[in-house]
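1. The sequence and its predicted three-dimensional model are supplied below.
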Amino acid sequence: MQELPAFLSERLFAQYGERANEIAAGFDGERPVTLRANTLKRSAQQIKAALQEGGFCFTQPSWYEDAFILHGVREDAVRQTALYERGEIYLQSLSSMLPPLYLGAQEGENVLDMTAAPGGKTAQISALAGGKVFLTACERDKIRFERMKFNLQRQGVPRVSALMEDATKLSEFFRFDRILLDAPCSGSGTLIVGEPMKISPKLITNCAALQKKLLEKGLSLLKSGGTLVYSTCSVLKEENEEAVEFALRRGGCRLDEIAPPKELALLPSMRGTITVAPNELYEGFFVARFVKS
C-alpha cells in the first residue's frame, strides 16, 4: 500500500485489517467504460441493439438490465456517438447506479435529490419510475448546477425542478416521499493509483461534518413512512457507519436492510448497509436506507 498516503493506509488497516490490501489493489488499474440506458428515451433492448450495430463489445451485470459494461473502448469514443449526443445513454459508474435502485421511487411521489449534480442519479430516479415522479434536484455550486441542468434537459427528464440551492437551507415547508442523499465525500472509494489524490485527514473531517448536517436536514424533510437513501463513494467509517449511527441516535428513523446483488464484492459493514469493495469493475461505495417513523 505504498502508493497510498500513509494516513489512508493506516485507516484502512485499522478498519479492515488484511482486507485493506484488497482495497488497495482495487485502486490499481483503469475500470472499463460503463453506461446506463436512458429509458426515458429508448429501451435497454434498443440501446443494446444500437451498441451492437455500432460495433461495441459489451456485457451486462445481472442486477440491472439498463447497465452496460463496454470493453476495449474509451469514454471519448462513446461521447462521439449519436446515442450519447441525443441523451439516450449516460456514462455512469456501476456503483453509482445502486442508490436510485434502492430508493425505489414510485409514480406520483415527490422525490428530492439533495446534492444532485451532475444529474445522472436524478435522471435514473425518473427513468426507473417511468418519468412519473415529481423531482426536486438541488445543487449549490453555479457551475455544477448549470451542468446538471444541461444533463437533465439532454436526458429529457420531465417533472423536475432544478434549484441552485444549498439543500441544508431548504424550507421546512417542503415534504418528500423519498429522498436521495448521495453525499459529498472524500472519494476514498474511487482513488486510482498513479493519478493525483486530493484526499486528506482534513477533507475527511470536513466531509463527515457536512454529511451529518445534510442527513439531519434530509430526515427533517422526509414524510412519516418515507424513505431516505444515504450513499457515498467512500469506504471509510467516518463518512459511512458513523453517519448512520448519528442518524439513529437522533431518533425518529430506522434502518431498512438492503439486500445486495450476489455478484457484488462487499466489505464488512454495519448490518443492514452495504459497502462495495473497489475492484476492476466497481468503485468503492456505501449505501444505507432509512425509513422515517
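-> Structure received. Numbers count the residues shown, from 1 in each chain.

2. after the longest strand anywhere in the chain comes which helix or strand?
-> Within the chain, and with DSSP state E defining each element, the longest strand by residue count is strand 222-232. Read in the C-terminal direction, the helix or strand following strand 222-232 is helix 241-250, with elements assigned using DSSP states H and E.

3. Give the buried residues for whichever helix or strand comes after that following helix.
-> On the C-terminal side of helix 241-250, the closest following helix or strand by DSSP H and E is strand 253-255. The neighbour-count check on strand 253-255 (16 or more other Cβ atoms under 10 Å) flags 253, 255 as buried. C-beta: built from backbone N, CA, C; applies to glycine.

4. who touches strand 253-255?
-> Residues external to strand 253-255 that are found in contact with it (Cβ atoms under 8 Å, 6 or more residues apart in numbering): 219, 228, 244, 247-248, 271-273, 288-293.

5. mind redoing it with 6 Å?
-> The contact list for strand 253-255 (Cβ atoms under 6 Å, 6 or more residues apart in numbering) reads 219, 272, 290-292.

6. which one of the residues you listed has the most neighbours?
-> Neighbour counts for those were taken using other Cβ atoms under 10 Å; the highest belongs to Phe290, which has 25 neighbours.

7. close enough to count as contact, it and Leu228?
-> Yes - counting by Cβ atoms under 6 Å, Phe290 sits close enough to Leu228 to count as a contact (4.6 Å).

8. Now, the contacts of strand 253-255 that are in strands?
-> Counting by DSSP E, the contacts of strand 253-255 place 290-292 in strands.

9. Partner strands of the longest strand of the chain, with direction?
-> Strands flanking strand 222-232 in the sheet, each with its direction: strand 176-182 (parallel), strand 285-292 (antiparallel) (DSSP bridges).

10. nearest to Thr34, of these?
-> In terms of Cβ to Cβ, the element of the strands paired with strand 222-232 nearest to Thr34 is strand 285-292, at 12.9 Å.

11. Name whatever forms a beta bridge with Val287.
-> Ser231, Ile274.

12. tell me the centre residue of this structure?
-> The residue lying closest to the centre of the chain (Cα atoms, centre = their mean) is Ser96, at 3.4 Å.

13. and that residue, what does it touch?
-> Counted by Cβ under 6 Å, 6+ apart, Ser96 has zero contacts.

14. roughly how far apart are it and Glu75?
-> Taken as Cβ to Cβ, to the nearest Å, the spacing of Ser96 relative to Glu75 amounts to 15 Å.

15. now Leu281
-> 16 Å.

16. who has more neighbours, those two?
-> Each of Leu281 and Glu75 has its neighbours counted (other Cβ under 10 Å); Leu281 has more, 19 against 13.

17. mind checking how far the residue of the chain positioned farthest from its centre is from Leu40?
-> When each C-alpha in the chain is compared with the mean C-alpha position (Cα atoms, centre = their mean), Glu53 comes out farthest, at 29.9 Å. The span separating Glu53 from Leu40 equals 21 Å under the rule Cβ to Cβ.
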